[in-house]
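K.L.:
coordinates only, sequence not included:
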């Protein structure tokens, strides 16, 4: 009888462990399916295979110019969401300046949007690096624009076509080496 009780206890514990494992695996499977749907939809924009309307936005540049989605329409626009504390952003800005000097005459507009930062720090940084900031530079008050674009990392780039539709989103540095970005830029500017 004692052996039988021991076996029952082991059996019950084994069943509970098995049920727990099945439950965890089920949750992981559901989570995997859910996340794959999100990333599948996002990758289509990342690959430039579809466009998505950008949200309405407006901000005032550090020089006092008011920019809106409508005022930028007509020409392709590269939005760069950045912060002064972001080392990758600081490394990327000179490359964006070079792009601006080459592509501005072809109609490309570049707007650097500082967010998740202190406005005084941004103004000080831009002042110290005036030669880099040949493009519009704005401060995203209360992170309103970055929230509309769902920006969660610095830097994050959005390439918009002349209608204001998002053609590509790029997170992190190295956007100029991104083959999809280069392909889309070539198509937009030729």
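P.N.:
Thanks, I have the structure now. Since we're looking at a predicted model, the values are computed, not measured.
K.L.:
Could you report the neighbour count for residue 162?
P.N.:
When neighbours are defined as other C-beta atoms under 10 Å, residue 162 has 14 of them. Any C-beta I mention is one placed from the backbone N, CA and C, and that applies to glycine too.
K.L.:
ditto for residue 189
P.N.:
What residue 189 shows, counting by other C-beta under 10 Å, is a neighbour count of 14.
K.L.:
Now do the contacts for it.
P.N.:
Counting by C-beta atoms under 8 Å, 6 or more residues apart in numbering, residue 189 touches 76, 103, 106, 107, 108.
K.L.:
how about the strands in this structure?
P.N.:
Under the criterion DSSP state E, strands of the chain are mapped to 52-53, 58-60, 66-68, 77-82, 109-114, 136-139, 156-160, 165-171.
K.L.:
And residue 81, how far from residue 164?
P.N.:
16 Å (C-beta to C-beta, to the nearest Å).
K.L.:
between these two, which one's more packed in?
P.N.:
Just comparing residue 81 and residue 164: by other C-beta under 10 Å the higher neighbour count belongs to residue 81, 26 against 20.
K.L.:
my guess is residue 173 contacts residue 90, does it?
P.N.:
No - if you go by C-beta atoms under 8 Å, residue 173 and residue 90 don't touch, sitting 10.0 Å apart.
K.L.:
wait, doesn't residue 99 sit right on residue 109?
P.N.:
No - under the criterion of C-beta under 8 Å, residue 99 makes no contact with residue 109, lying 11.3 Å away.
K.L.:
Overlap in contacts, these two.
P.N.:
Joint contacts of residue 99 and residue 109 (C-beta under 8 Å, 6+ apart) are residue 78.
K.L.:
what's the burial count for the residue nearest to residue 159 when sequence neighbours are not counted?
P.N.:
Of all residues beyond its chain neighbours, the one nearest residue 159 is residue 168 (4.3 Å), with distances taken as C-beta to C-beta, 6 or more residues apart in numbering. Neighbourhood size, residue 168 [other C-beta under 10 Å]: 22.
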